[in-house]
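S.K.: predicted model follows, preceded by the sequence.
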Amino acid sequence: MKYSITCFTLFLSLLLLTIISCDQSPSLAELPAKKMDLIFDTDANNEVDDQHALAYLLFNGNHFNVIGVTLNATSGPDGFLTYSTIGEHYDEAKRVMQLCGELYGKIPLLVGAQDSFQEIRTALHQESFDGYEAVNFIIEQALIERDEPLILLAVGKLTNIALALEKEPAIAENIRIVWLGSNYPRTGEHNKVWDKESMNYLLDMDVELEFVTVRYGDPSGTDAVKVTQAQILHRMPGLGPTISEPVTGRHGGEFTNWGDYSANLFEMYSMYGNPPSRALFDMAAVAILKNPDWAERNTIPAPIMDIENDLWIDRPDNPRELVLWEWFDIYGIMNDFFLTMENPVIVDTPPL
């Protein structure tokens with residue numbers, strides 16, 4: 001009887017330990033066998049999703065090695081009403097990197113293209129062309145031998161990546177391009193509109209290319225991955241490490257943690273719908289890299305865009321394949337976003 005009680009007590013102890021361990025940290029099955037090497041290419045000052053995607057990425061240190069952050073220029077914080085300079089995109093990315101564990105200066109942040117692929121490509125032979133810092137960095141990192149392709153996660157226009165491939169085609173076999181963009185098979189979409197030629201260029205390249213679809217107003221795209229203003233204002237304030245020197249925000253004010261700045265961005269930016277909300281398009285693109293089960297992955301022959309008429313042309317006999325990500329697990333992604341914000345694992349910093 002004493003032996004049975006002892007065994008039962010031991011069983012309960014092990015069960016309790018297992019429950020506590022599962023509650024406090026991810027299981028081994030949830031952790032990747034190897035962290036993904038990634039460059040994040042962003043128009044950081046556009047809307048509010050770029051900032052949240054970057055923070056989510058920087059707080060997922062168990063899953064990603066952030067090799068660098070490269071910038072491109074599209075519209076400003078009011079969508080198509082204003083145009084941000086590349087310097088304004090730089091300043092916003094810098095703020096987020098400072099607030100997410102004082103990572104600015106520890107992870108490379110590089111200026112990329114202000115203009116479009118067609119405007120810049122003829123100048124690639126020059127030492128200093130528009131976007132040369134980001135383009136040369138992408139090439140340099142893509143030529144490094146790795147066990148897995150270097151992920152280029154693009155959440156703005158595709159200009160920097162197209163220029164890198166134009167300048168050094170040899171990197172094609174070493175990279176995996178994951179782009180938050182397009183409403184395929186419908187037209188429109190912000191990131192595509194800003195540089196259609198760069199997208200077409202990549203669609204005809206022999207390179208791994210994946211579209212994380214946007215699809216405004218359609219439940220199958222990242223437009224469905226919405227968060228309400230009330231959720232952000234309730235859950236985000238105070239989250240993240242406290243930094244030593246306050247950072248001035250895009251709309252003014254001083255901040256010493258990412259959570260307070262997140263809440264400020266949502267307070268100052270226009271919401272839509274009932275209840276008032278915004279889509280975190282770019283954050284969803286990070287999420288499906290972390291867990292591919294949070295979306296459906298489909299492969300199709302790569303189409304091409306009729307730029308003049310803004311129409312997709314399907315090419316069913318094209319041997320070149322394109323991956324489409326669609327039908328996103330909204331609740332899985334948003335639940336993990338908030339859990340990550342509450343329990344951040346800051347990414348390691350590469351040697352500079």
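M.R.: Received, thanks. Worth saying up front: this structure is predicted, and the values here are computed from it rather than measured. Numbering: from 1, shown residues only.

S.K.: stretch 37-46: how far from the chain's middle?
M.R.: Offset of stretch 37-46 from its chain centre (C-alpha atoms, centre = their mean, to the nearest Å): 6 Å.

S.K.: show me the shaky parts of this protein.
M.R.: Scanning the chain for pLDDT under 70 picks out 1-33, 76-83, 352.

S.K.: which residues in the stretch 201-350 of the chain form strands?
M.R.: Using DSSP state E, counting those that start in this stretch, the strands of the stretch 201-350 of the chain run over residues 208-212, 226-228, 247-248, 254-255, 277-279, 296-301, 304-306, 311-313, 321-326.

S.K.: so which elements touch the third one?
M.R.: Strand 247-248 sits against helix 86-99, strand 254-255, with contacts defined as 3 or more C-beta pairs under 8 Å, 6 or more residues apart in numbering; DSSP states H and E. Glycine gets a C-beta too; all of them are placed from N, C-alpha and C.

S.K.: pick the most deeply packed of those.
M.R.: Mean neighbour count (mean count of other C-beta atoms under 10 Å) peaks for helix 86-99 among these, with a mean of 22.

S.K.: which residues does it contact?
M.R.: Applying C-beta atoms under 8 Å, 6 or more residues apart in numbering, the external contacts of helix 86-99 come out as 42-46, 50-51, 54-55, 58, 69, 71-73, 76, 103-104, 107, 109, 111-114, 240, 243, 247-250, 255-258, 261.

S.K.: before we move on, the earlier item: between the strands of the stretch 201-350 of the chain, which gets nearest to Lys35?
M.R.: Of all the strands of the stretch 201-350 of the chain, strand 208-212 sits nearest to Lys35, with 18.6 Å by C-beta to C-beta.

S.K.: name every strand pairing with that closest one and say which way it goes.
M.R.: Using DSSP bridges, strand 208-212 pairs in its sheet with strand 175-180 (parallel), strand 321-326 (parallel).

S.K.: figure out how far the last one is from the centre of its chain.
M.R.: Centroid displacement of strand 321-326 relative to its chain, using C-alpha atoms, centre = their mean, is 17 Å.

S.K.: the first one now?
M.R.: What separates the centre of strand 175-180 from the centre of its chain is 10 Å, taken as C-alpha atoms, centre = their mean.

S.K.: following the chain past that strand, name the next helix or strand.
M.R.: helix 190-194 (DSSP states H and E).

S.K.: which helices and strands does that next one pack with?
M.R.: Judged by 3+ C-beta pairs under 8 Å, 6+ apart, helix 190-194 is in contact with no other helix or strand.

S.K.: helix, strand, or coil at Leu54?
M.R.: What DSSP: H, G, I helix; E, B strand; the rest coil gives for Leu54 is helix.
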